[in-house]
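Visitor: Provided below for reference: sequence and predicted model.
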Amino acid sequence: HATDKKLVGPAYKEVAAKYAGQKDAVAKLAEKIQKGGVGAWGQVPMPANPGVSAAEAKQLANWILSLK
């Protein structure tokens, strides 16, 4: 990921725009950061990050969402 341009995955600003206004956006993003996923942005999977704690994932999600 990059802040403002697509690399392998979407730009963080695109992610922030997609989740803007959703009440559970922080929780959803934090879960994706930890568990990974596929299909939300195409077929390239986002790997899991099991070494990231729940608190760290929440902090990262909040930062991403601040990039509107």
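Guide: Received it, and whenever you're ready, just let me know what you need.
Visitor: Break down the chain into its helices, ranges please.
Guide: Secondary structure of the chain (DSSP state H): helices located at 12-19, 25-35, 54-65.
Visitor: Relative to T3, which of those is closest?
Guide: helix 12-19 (5.1 Å; Cβ to Cβ). The C-beta positions use only the backbone N, C-alpha and C, and glycine is treated the same way.
Visitor: burial count for the nearest residue to P50 once chain neighbours are set aside?
Guide: Leaving aside its sequence neighbours, P50 sits nearest to Q34 (Cβ to Cβ, 6 or more residues apart in numbering; 6.8 Å). Neighbours of Q34 under the rule other Cβ atoms under 10 Å: 19.
Visitor: before we move on, back to that, so can I have JSON lines of the helices of the chain showing mean pLDDT and distance to P47?
Guide: Output for those, formatted as JSON lines (pLDDT from 0 to 100; distance: least, Cβ to Cβ, whole Å):
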{"stretch": "helix 12-19", "mean pLDDT": "95", "distance to P47": "16"}
{"stretch": "helix 25-35", "mean pLDDT": "96", "distance to P47": "10"}
{"stretch": "helix 54-65", "mean pLDDT": "97", "distance to P47": "14"}
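Visitor: Go ahead and confirm G36 touches P47.
Guide: Yes: G36 lies in contact with P47 (Cβ atoms under 8 Å); the separation is 5.0 Å.
Visitor: Between these two, point out the one with more neighbours.
Guide: Counted by other Cβ under 10 Å, G36 and P47 do not tie: G36 has more neighbours, with 13 against 9.
Visitor: OK, contacts around that one?
Guide: Each residue near G36 by Cβ atoms under 8 Å, 6 or more residues apart in numbering is listed here: P45, M46, P47, A48, N49.
Visitor: and the gap between the fourth one and Q59?
Guide: What that stands for is A48. As defined by Cβ to Cβ, to the nearest Å, A48 lies at a distance of 18 Å from Q59.
Visitor: Ok, the third one next?
Guide: Separation of P47 from Q59 (Cβ to Cβ) stands at 19 Å.
Visitor: next one: A2
Guide: Noted for A2: a distance of 19 Å to Q59, by Cβ to Cβ.
Visitor: now A11
Guide: Applying Cβ to Cβ to A11 and Q59 gives a distance of 19 Å.
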